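Model the structure of this input:
(chains A and B)
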There are 2 protein chains.
Amino acid sequence: LNIPYERIPVDVVNRDNRQEMLGEKNPAVKIPILELDDGRYLSESNAILWYLARGTKYLPGDAYQQAKVFQWMFFEQNSHEPNLAVARYWVWVLQQPERFRDQLGAKQAAGREVLQVMERTLLTQTFFVAEQYSIADIALYAYTHVAPEGGFDLEPFPAIRQWLARMKSQPGYVPMDE
Amino acid sequence: LNIPYERIPVDVVNRDNRQEMLGEKNPAVKIPILELDDGRYLSESNAILWYLARGTKYLPGDAYQQAKVFQWMFFEQNSHEPNLAVARYWVWVLQQPERFRDQLGAKQAAGREVLQVMERTLLTQTFFVAEQYSIADIALYAYTHVAPEGGFDLEPFPAIRQWLARMKSQPGYVPMDE
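Next up is the predicted model:
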C-alpha cells in the first residue's frame, strides 16, 4: 500500500519487560502493535490487516466474500498459527526441539492436518477467497512459507507450493527479511 | 436478531464421520457452520458473528472501533479459546482431567493470564469496545461464562463477574441450554 511506517523490533524470546513496554498499548501484551498517526493503537495481526486493507483490492467488497476472508483469518489464528508457528518457534527460533519433544510431535501432526485443509482448498482455487488475492492469503502465507523451519515438509503439498510461488510473484511482494 | 434458524447438533466427541458429514461445507471440517438461505456455507464462529452483525447495533460503524472488535475476536480465537475452551473440553466434556494431566496445568495457567487481560480491561470499561455491547463481548462471553467447568475460579476476577452479569441482563439474552 506504500504507507510509510517505522518498524520497532521487539524481542520475541526475552519477554521480561513486556508488561512495562507494551501494557499501555495492548492489554494482551502481544505484538504486533500498530500505532496510528493519531496515537491510537491496534493489535492482532489480522485486525491490523483488515484495518489497512479496507477499501483496497486486498479485501473483497461483497459481504459474503468478506466473511469468507474472515473465516480463513480466524482459521489461521485458531488452527494454523498455534501449530505451525509454535512448532517453528520451538525448533527454529529457540533452537530447542529436544526441550519440547513431548509436544512437538502433536503440534507437527496437527500442523500437517492444517496444511492438508489448505491443500484440498487450493487444488481447485487460485487464492483462498473469490479467486482474488486478499488478506486471507497474506495471513496464511506468513507461517506457511516458513513452515519447513518448524520441521514441516511441503513436498506432499504441490498446490500449496504453487500458491506460495504465486504469492511471491504478486506485485508489491516484500520478503520478510528486508 | 430474531432471524429464524434450524439447529443441527453435531457430536463434538466422536469425530469419525466429520470428513464425510462436513467436508463439503467446511474444508477445515469444524463446527459451527452456518448455511445461508441460498445454500452457501460460512464457518468460524466469529466470521459468522460478523456476517450476522453487519449493520446492526452489535457492530460499531466506525472503522477503528470495528478493528478493535476484530482485535478482541482474534484474541478470543488465538489466546482465549485454546486455553479456556480446551481445558473445559478435557475436564467437563470428556470428564478426563487425569488423561490430560500433563498439559492441563499449563492450559489453566495460560487461561488465568487471559482472564487477567480481560479483568484489567474491564476495570475501566463496561464492554470491550467503545462502551458498547458488541460481538466482541459475545465472542468472549461464550467460554468465559462456563470457565469454572474447566477448573477456572472466577472469584479473583470481580470485573469479569460484573461484566458476565451485565451480559446476562442484555435484551435478547438467550441461555446456551435453551
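
same for the helix ranked longest in chain A, what does it pack against?
Counting residues, the longest helix found in chain A (DSSP state H) is helix A:101-122. Contacting helix A:101-122 under the criterion 3 or more Cβ pairs under 8 Å, 6 or more residues apart in numbering or on different chains; DSSP states H and E are the following elements: helix A:86-88, helix A:135-144, helix A:158-168. Heads up, the C-betas are built off the backbone N, CA and C, glycines and all.

residues from chain A in reach of chain B?
Contact residues, chain A versus chain B (Cβ under 8 Å from any Cβ of the partner chain): A:27-30, A:36, A:40, A:42-48, A:50-51, A:54, A:63-64, A:67-68, A:70-71, A:73-75, A:77-79, A:81-82, A:102-103, A:117, A:120-121.

Flag every buried residue along stretch A:47-61.
For stretch A:47-61, the neighbour count (16 or more other Cβ atoms under 10 Å in any protein chain shown) marks A:47-53, A:58-60 as buried.

which residues sit against that stretch?
With contact meaning Cβ atoms under 8 Å, 6 or more residues apart in numbering or on different chains, stretch A:47-61 is reached by A:1, A:3, A:32, A:34, A:42, A:66, A:69-70, A:73, A:129-130, A:132-135, A:138-139, B:63-64, B:67-68, B:70-71, B:73-74.

hmm, which of these are the buried ones?
A:34, A:42, A:66, A:69-70, A:73, A:129-130, A:132-135, A:138-139, B:67-68, B:70-71, B:73-74.

Neighbours of A:Leu94, how many?
Other residues within reach of A:Leu94, judged by other Cβ atoms under 10 Å in any protein chain shown, total 13.

Now it: closest residue in space, sequence neighbours ignored.
Among residues not flanking A:Leu94 along the chain, A:Val13 sits closest, at 6.8 Å (Cβ to Cβ, 6 or more residues apart in numbering or on different chains).

from what I can see, that neighbour looks like it's in a helix, true?
No - assessed with DSSP: H, G, I helix; E, B strand; the rest coil, A:Val13 is coil; it does not lie in a helix.

What about the residues of chain A next to chain B, which are in strands?
A:42-43 (DSSP state E).

OK, contacts around the closest residue to A:Arg161 other than its chain neighbours?
Once flanking residues are discounted, A:Arg161 sits nearest to A:Leu154: 5.7 Å by Cβ to Cβ, 6+ apart. A:Leu154 is in contact with A:115, A:147-148, A:160-161, A:164, counting by Cβ under 8 Å, 6+ apart.

let's see 10 Å
Shown in contact with A:Leu154 (Cβ atoms under 10 Å, 6 or more residues apart in numbering or on different chains): A:115, A:119, A:144-145, A:147-148, A:160-161, A:164.

Looking at those, which is nearest A:Pro9?
A:His145 (20.3 Å; Cβ to Cβ).

any idea how far the closest one is from A:Gln66?
If you measure A:His145 against A:Gln66 using Cβ to Cβ, to the nearest Å, the figure is 24 Å.

again, but for A:Ala28
A:Ala28 is 25 Å from A:Gln66, by Cβ to Cβ.

Check which helices and strands the helix or strand bottoming out on mean pLDDT in chain A sits against.
The helix or strand of chain A with the lowest confidence, counting by mean pLDDT, DSSP states H and E, is helix A:18-22 at a mean of 94. Applying 3 or more Cβ pairs under 10 Å, 6 or more residues apart in numbering or on different chains; DSSP states H and E, one finds that helix A:18-22 makes contact with no other helix or strand.

how far out from the middle of the chain is that helix?
Centroid separation for helix A:18-22 versus its chain: 23 Å, with Cα atoms, centre = their mean, to the nearest Å.

Which positions within that helix qualify as buried?
A:18, A:22.

Alpha carbons of that helix, in PDB - could you do that?
Output of helix A:18-22 as PDB, limited to C-alpha atoms (Å, rounded to 0.1, in the frame of the first residue of the first chain):
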ATOM      1  CA  ARG A  18       6.700  -6.700  28.100                       C
ATOM      2  CA  GLN A  19       4.100  -5.500  30.600                       C
ATOM      3  CA  GLU A  20       6.100  -2.300  31.100                       C
ATOM      4  CA  MET A  21       6.800  -1.900  27.400                       C
ATOM      5  CA  LEU A  22       3.500  -2.900  25.900                       C
END
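
Can you tell me what sits against it?
Under Cβ under 10 Å, 6+ apart, the answer for helix A:18-22 is A:8, A:10-11, A:15, A:26, A:28-31, A:33, A:41, A:43.

I'd like those written out as TSV, with neighbour count and pLDDT added.
Output for these, formatted as TSV (neighbours: other Cβ atoms under 10 Å in any protein chain shown; pLDDT from 0 to 100):
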residue	neighbour count	pLDDT
A:Ile8	10	94
A:Val10	15	93
A:Asp11	11	92
A:Arg15	13	91
A:Asn26	20	96
A:Ala28	26	96
A:Val29	19	95
A:Lys30	18	95
A:Ile31	17	96
A:Ile33	18	98
A:Tyr41	14	98
A:Ser43	24	98
